[in-house]
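> Next comes the sequence, and after it the predicted model I'd like to discuss.
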Amino acid sequence: MKIAVPIKFVPDLVEELNIDSSGAALDTSWLRLIINEFDDHAIEQAILLKERGGAEVTIICAEGDGVDDILFNAAAKGADQLVKLMGSDAAMMNSHATARVLADFFKEIQPDLILTGVQAHNDLDGSVGALLAEYLGMPYVGYVAGVTAASGSVIARKEYPGGIIGEMEVKLPAVLGIQAAEQPPRYVAYSKINQVSKTVKIEERAISDLDSSGGATVGRMFKPEPAQRAEIIEGSPEEVADRMVGIFKELGVM
Amino acid sequence: MSYDTIKSIIVALALLVALGIFVRYAWQRLWVYLRRGQTSPKFSDWGERIKGLIVFVGAQWRLFRFRLPGIAHFFIFWGFLLLSLTILQAIAEGLMAFANPQFVLPVIGTWGPLAFVQDFFALFVVIAIGYGLYLRLIVNPERYKGSHRNQGVKVLTFILTIMLSLLVMNGLRINLNEDLLGRYRPISTLIGGLFVGLPEATQSIIEELCYWIHLGVVMLFLTELPQGKHFHIVTSIPNVLLRNLEPRGRLPVTKTSDGAAGVSKMEDFRWRTMLDLYTCTECGRCQDVCPAYNSSGLLSPKLLVMNLRRNLQERGAALSAKQTNGVLSKSLTGEIVGEEALWNCTTCYACDQECPLFIEHINPIVEMRRYLVLEGKMDKMLQDALANLGRYGNSLGQSDRMRAKWTQGLQPAVKDARREPVEYLWFVGDYASYSPTLTDVTRKTAEVFSKAGLNFGILFDAERNSGNDVRRAGEEGLFEMLMGKNMQALGKCKYETIVTTDPHTYNTLKNEYAWDGNRPRILHYTELLDQLVASGQLKFSKKLAAKVTYHDPCYLGRYNGVYDAPRRLLRAAGCEVVEMPRHGDRAFCCGAGGGRIWMEEKPGHARPAEIRIREAAALTGVQSFVVACPKDVTMFKDAVKTTGNESRLQVQDLIEFVQEAI
Ligand code: SF4
Ligand code: SF4
């Protein structure tokens, strides 16, 4: 089975986020990027599948700071091929553009299964997985928390609220949006990454023109602003309820 | 054939068989099996090594840390050495019987003063063995739990028999006027007195019987010797001679040739470690002092060594027999030594320090952890901490840019050592920099440094975790990365001395960083302040009338021998220091070291820190539990709460007293 795992980098929330002078984007000079947590789980799930039944795992990521380390990290876990998408705006692609670039690539390498993080905290125009499935004409299941290989298909496990678990068979080729791998992403020792980085090659692939159409445009980006007027309602439950009904009427929502 | 000729033949045959068995086992163990191990670094500094042999084998120095058992062993050891000469005489006598039944070896069999000393030592050994049997059979202390008791008792009985038969034999020979040195043997004479009434012929038969018992048990003992814990009689001398002479705080490096680090099977250990395994006497001193054993009970350094030794034996035999499965397919980390046991070690050094024969525990534990880390087999919390350390340079997962946030608003401002030369470069450490409960103490430290007129600065966001515990958790590659970054930052600064808040940082900077012969002066803050008080640069204006007890951090005390400076400081500030029963080099670990602070504590066990707090709470009148390590503050504040001692004891950093007294 050929498994492809497209991953992306997102701003690290450990750092303070600042808005640049345009007022519509994050200030990149202070930004530090980190692998999208869900993508990390997608890698783990791919490696687990490989360990259980054999697979060839390809990891794909747009170029950027720290990307090589993450790719080598994945290789140390067991990934077979590492691909870096090169292009000046590679890191800034929106989900639509990313999905189009990936779709072109996947038409070439024809993976049986595509695993990707179900979402990222900076997705403004939907998640890459669903868009990718659309462009490739493949089935898509999101919020998957466990995958088992079957012949010509996979069983995807989803967890629903209330402790209900669903299992569905998905015909391959398919795209799955991973919410969580069956086990937390494993730790890779530094010595292993160092060793891999000396032996494994990262394949670089140039991106031709980007097509971002269909994405969202940011009008204004701002930090949460404290509400100007806040009223603390006090009194017995009945009094509070009366006052609230009054407010709703004033606002015209009731 | 005369009786004497037969005697000679039997003695010769017995000797041949016993020596044959002894040599076969010893050769197999010390040559065949040990050679399968990895090479050990070259041994040098022979003067020091021989000195150690005199002090630790000859004078049995470390054994006296357990007073009575130590004294008993001292006499058994020296008795054994002195009386092995009488054994030689007995053997020679038997071998030569066909020619001369009265044969005596020159000097050994003819020198009166030697006979005198031997006579007394035989008695001492009997008394010591009696005590040993009493300990094993009646007292049976916790430290013997898991040791081979029957084997111990058997060998004690052997020695007792050898001694008693010797004394009786000598006594009877004196009665029969066969002993040239009779007047040098008062004890034997006394014992011989018990038999005086018997007819000479009977005495003669008993005497001959004693000879055979004496010799027979000696031969039995010889065959038993290489098969169990008593092999230490043979291996302890090379083991002490070839002991690790590196500073305590320097962990041996792993073999990194092919990126495969650590130990995953017995043959990955160095042969020197294997020799350690054969040398263990199962005395349990290490287990007795181990905080992991005394809290969760999941790890006993003694059982660790014993299990490894058994594996060395079984694997050795299986490999020699060209087997391919069975014991060979058992995993070292998991089946032979439990993973949980390996992760429970706090690397407190109590066991290594206690072992009379310099057997190392931390080194093999870390080697096996290295392998587990490589396999990704570890606690989730530890995994997160290591990931954070790799990414942000601190285990708390905070931005490295925020490392010096605690300095905000301090007057005078803390200097940036990267920008201007300073005399003291203060290596602050993770917890002191980030932990919200500790930054207050860190600010007080800065205040004290300023008031003492020190020209000091810090590395701000260029500082990384020093890696001491990263290394001990088994993540060698990450340690090297952190060390590299710190060395790079330090390399760009101008300073004379490094001062650390954290004893763990202190340890690795001092003992493990690659200074290439240019190590600067490295001080713990307590050492520095102590020196400033002595030189008069730091003066106290107040005398605090507090009654306190001081907890020695493992990495300051046991690892680096700093015991007095913190106590002198406290006294200079006016405190009365009351010692806990376990203090100084016997201090009981807080449980945070070796990466334990990043791991989950299994519920349902007393934690080391709680045991320690109870120890302190039992001291009358002591209100403060003083520590000199940021990790201790975290561990003990928690333990004070969980043991319900909040109103009784206050956990305070030493710097708080200094700051108050200035
Ligand atoms: S170093 Fe401390 S915790 Fe580890 S085995 Fe030795 S005594 Fe126990
Ligand atoms: S390792 Fe040392 S202290 Fe521990 S039981 Fe063996 S001989 Fe005794």
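Right, received. Where do you want to start? Ligands and ions are numbered 1, 2, ... in the order given.
> contacts, neighbours, all on C-alpha from now
Noted.
> in the stretch 451-600 of chain B, what spans have low per-residue confidence?
For the stretch 451-600 of chain B, no stretch is flagged by pLDDT under 70.
> give me the residue from the stretch 151-300 of chain B nearest ligand 1.
residue B:290 (3.5 Å; Cα to the nearest ligand atom).
> can you pull the contacts of that residue?
B:300, B:301, B:350, B:351 (Cα atoms under 8 Å, 6 or more residues apart in numbering or on different chains).
> Return the backbone torsion pair for it.
phi -80, psi 120 (degrees, to the nearest 10).
> Please tell me how far it sits from residue B:346.
9 Å (Cα to Cα, to the nearest Å).
> Isn't residue B:235 up against residue B:277?
No: in this structure, residue B:235 is not within contact of residue B:277 by Cα atoms under 8 Å, at 9.8 Å.
> Look at the two and report which has more neighbours.
residue B:277 (26 against 21; other Cα atoms under 10 Å in any protein chain shown).
> quick one: pLDDT of the more buried one?
pLDDT, residue B:277: 97.
> That one is in contact with residue B:308, isn't it?
Yes: using Cα under 8 Å, residue B:277 makes contact with residue B:308 at a distance of 6.9 Å.
> where do the contact lists of the two overlap?
By Cα under 8 Å, 6+ apart, no residue touches both residue B:277 and residue B:308.
> Note down every partner strand of the longest strand anywhere in chain A and its orientation.
Secondary structure assigned by DSSP state E gives strand A:140-150 as the longest strand of chain A. Strand pairing for strand A:140-150, determined by DSSP bridges: strand A:153-160 (antiparallel), strand A:174-178 (parallel).
> how about the first one: buried residues?
Read that as strand A:153-160. A:153, A:154, A:155, A:156, A:157, A:158, A:159 (16 or more other Cα atoms under 10 Å in any protein chain shown).
> List the contacts of the longest strand of chain A.
Contacts for strand A:140-150 (Cα under 8 Å, 6+ apart): A:45, A:49, A:53, A:118, A:129-130, A:133, A:154-159, A:174-182.
> Give the rounded mean pLDDT of it.
Strand A:140-150 carries an average pLDDT of 95.
> Distance-wise, check the residue nearest the centre of chain B relative to residue B:277.
For chain B, the residue nearest the mean C-alpha position is residue B:352 (1.3 Å; Cα atoms, centre = their mean). Using Cα to Cα, residue B:352 is found at 13 Å from residue B:277.
> quick revisit: could you find which two of the contacts of residue B:290 are furthest from each other?
Using Cα to Cα, the contacts of residue B:290 span at most 12.0 Å, a distance reached by B:300 and B:350.
> Mind listing the shared neighbours of the two?
B:286, B:290.
> would you list every one of the strands in the stretch 551-662 of chain B?
With DSSP state E, counting those that start in this stretch as the criterion, the stretch 551-662 of chain B has strands at B:576-577, B:624-627, B:650-653.
> ok, and which of those strands has the densest surroundings?
Across those, averaging neighbours per residue (mean count of other Cα atoms under 10 Å in any protein chain shown) puts strand B:624-627 on top, at a mean of 23.
> any idea of the mean pLDDT in it?
Computed over strand B:624-627, the average pLDDT equals 96.
> So what touches it?
So strand B:624-627 is in contact with B:546-553, B:616, B:633, B:649-654, going by Cα under 8 Å, 6+ apart.
> The residue of the stretch 51-200 of chain A found nearest ligand 1 - how many residues pack around it?
Evaluated by Cα to the nearest ligand atom, the stretch 51-200 of chain A has residue A:189 as its residue closest to ligand 1, separated by 22.6 Å. Look at residue A:189: counted by other Cα under 10 Å, it has 26 neighbours.
> what's near enough to touch it?
Contacts of residue A:189 (Cα under 8 Å, 6+ apart): B:373, B:374, B:376, B:475, B:477, B:478.
> mind running it again at 7 Å?
B:373, B:374, B:475, B:477 (Cα atoms under 7 Å, 6 or more residues apart in numbering or on different chains).
> Does the strand or helix carrying the first one reach ligand 2?
Following DSSP states H and E, one finds residue B:373 within helix B:362-374. No: in this structure, helix B:362-374 remains apart from ligand 2 according to Cα under 6 Å from any ligand atom; the gap is never smaller than 11.0 Å.
> Is chain A within reach of the next helix or strand after that helix?
Of the helices and strands lying after helix B:362-374 in sequence (DSSP H and E), the nearest is helix B:380-392. Yes: applying Cα under 7 Å from any Cα of the partner chain, one finds that helix B:380-392 is in contact with chain A at residue B:383.
> Any residues of chain B in contact with ligand 2? List them.
So far as Cα under 6 Å from any ligand atom goes, chain B lies against ligand 2 at B:280-286, B:302, B:354-357, B:359.
> Recalculate using a threshold of 8 Å.
Counting by Cα under 8 Å from any ligand atom, the positions of chain B adjacent to ligand 2 are B:276-277, B:279-287, B:301-303, B:305-306, B:351-352, B:354-361.
> so which of those residues also contact ligand 1?
B:286, B:287, B:301, B:351, B:352, B:361.
> for stretch B:106-123, what is the average pLDDT?
Averaged across stretch B:106-123, pLDDT comes to 94.
> list the buried ones in that stretch?
B:109, B:112, B:114, B:115, B:116, B:118, B:119, B:120, B:121, B:122, B:123.
> Is it possible to get TSV of those that adds secondary structure and distance to residue B:622?
Shown next, in TSV, are these (DSSP: H, G, I helix; E, B strand; the rest coil; distance: Cα to Cα, whole Å):
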residue	secondary structure	distance to residue B:622
B:109	coil	63
B:112	helix	60
B:114	helix	56
B:115	helix	57
B:116	helix	54
B:118	helix	52
B:119	helix	53
B:120	helix	49
B:121	helix	48
B:122	helix	50
B:123	helix	48
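> Identify, from those residues, the entry nearest to chain A.
Nearest to chain A among those, counting by Cα to the nearest Cα, is residue B:121 at 56.8 Å.
> Show me which residues of chain A sit near chain B.
A:14, A:15, A:186, A:187, A:188, A:189, A:190, A:191, A:192, A:195.
> now those: which count as buried?
The buried subset of the residues of chain A next to chain B - by 16+ other Cα under 10 Å - is A:15, A:186, A:187, A:188, A:189, A:190, A:191, A:192.
> Quick one: end-to-end length of stretch B:457-470, please.
End-to-end distance of stretch B:457-470 (Cα to Cα): 25 Å.
> I misspoke; the intended subject was stretch A:49-62.
Span of stretch A:49-62 from end to end, Cα to Cα: 24 Å.
> Give me the residues contacting it.
By Cα under 7 Å, 6+ apart, stretch A:49-62 touches A:1-8, A:46, A:79-86, A:90-91.
> Does anything pack onto the helix-or-strand element of chain B with minimal mean pLDDT? Which helices or strands?
Lowest by mean pLDDT, DSSP states H and E among the helices and strands of chain B is helix B:630-642, with a mean of 91. In terms of contacts (3 or more Cα pairs under 7 Å, 6 or more residues apart in numbering or on different chains; DSSP states H and E), helix B:630-642 is packed against helix B:430-434, helix B:608-617, strand B:650-653.
> can you redo those as TSV with mean pLDDT and distance to residue B:10?
What follows is the helices and strands packed on helix B:630-642, written out as TSV (pLDDT from 0 to 100; distance: least, Cα to Cα, whole Å):
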stretch	mean pLDDT	distance to residue B:10
helix B:430-434	95	72
helix B:608-617	94	59
strand B:650-653	95	72
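> Out of those, the one nearest residue B:581 is which?
helix B:608-617 (7.6 Å).
> Look at the residue nearest to residue A:41 when sequence neighbours are not counted and give its secondary structure.
Distance criterion Cα to Cα, 6 or more residues apart in numbering or on different chains; nearest residue to residue A:41, sequence neighbours excluded, is residue A:181 at 5.0 Å. Following DSSP: H, G, I helix; E, B strand; the rest coil, the label given to residue A:181 is coil.
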